[in-house]
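[1] got a predicted structure plus its sequence, pasted below:
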Amino acid sequence: MVFHTNWVLEGLFKEAPLNVWNMELFREQDGQPLSYFLLNVEIDDDPQLWRLLDERLHGPLEYFDRLILVDNGPSSPHHALHQHVYTFRKPWLFSLERKYTTRTWKKPVLGIAFEKTALNKAAVDHIQRLGVY
């Protein structure tokens, strides 16, 4: 069975973006504000992808210049009219989980953290205003 997602995450690899099947954003944990944002994204269950991400996660801390979350909108000839792009500056890989206990997601979950700068906050606020979550 083939599944299609309208969301992708660009910037981790030069070859191709990652499909994003579900996502969840955290501003706080246990009622206490985090000093950063944490975006958990459900990604494809691909052993090679898992290996590449695991190597990056367990290597030296790597800050990316930016990661871009793209919503390509509904599949239609006019999809460009529905595209939304959200840029997160100076993110880093936070976690990689096979069994995500917060939700009943079936695929691996990649955690991406980024500072609460004005630009990152604006992107997060915009996503939430659109009712994405």
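    Looks like it arrived, so ask away. Numbering: from 1, shown residues only.

[2] which SS class is the residue nearest the centre of the chain?
    Geometric centre of the chain, nearest residue: V41, 4.5 Å, by C-alpha atoms, centre = their mean. Secondary structure, DSSP: H, G, I helix; E, B strand; the rest coil: V41 is strand.

[3] surely it touches V109?
    Yes - look at V41 against V109 with C-beta atoms under 8 Å: they come within range, at 6.8 Å. (Each C-beta comes from the backbone N, C-alpha and C, glycine too.)

[4] quick one: contacts of the helix or strand of the chain with the lowest mean pLDDT?
    In the chain, no helix or strand scores lower on mean pLDDT, DSSP states H and E than strand 22-29, which sits at a mean of 84. For strand 22-29, contacts defined as C-beta atoms under 8 Å, 6 or more residues apart in numbering pick out 7, 33-34, 37-42, 69, 102-103, 105, 124, 127-128, 132-133.

[5] among those, which ones are in helices?
    The helices, defined by DSSP state H, take in 124, 127-128 from the contacts of strand 22-29.

[6] same list, these, but as JSON lines with distance to A16, pLDDT and neighbour count please.
    Listed next are those as JSON lines, based on distance: C-beta to C-beta, whole Å; pLDDT from 0 to 100; neighbours: other C-beta atoms under 10 Å:
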{"residue": "V124", "distance to A16": "25", "pLDDT": "91", "neighbour count": "18"}
{"residue": "I127", "distance to A16": "22", "pLDDT": "81", "neighbour count": "18"}
{"residue": "Q128", "distance to A16": "27", "pLDDT": "80", "neighbour count": "12"}
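
[7] can you list those residues in CSV and add distance to K116?
    Converted to CSV, the ones in helices among the contacts of strand 22-29 look like this (distance: C-beta to C-beta, whole Å):
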residue, distance to K116
V124, 9
I127, 14
Q128, 14
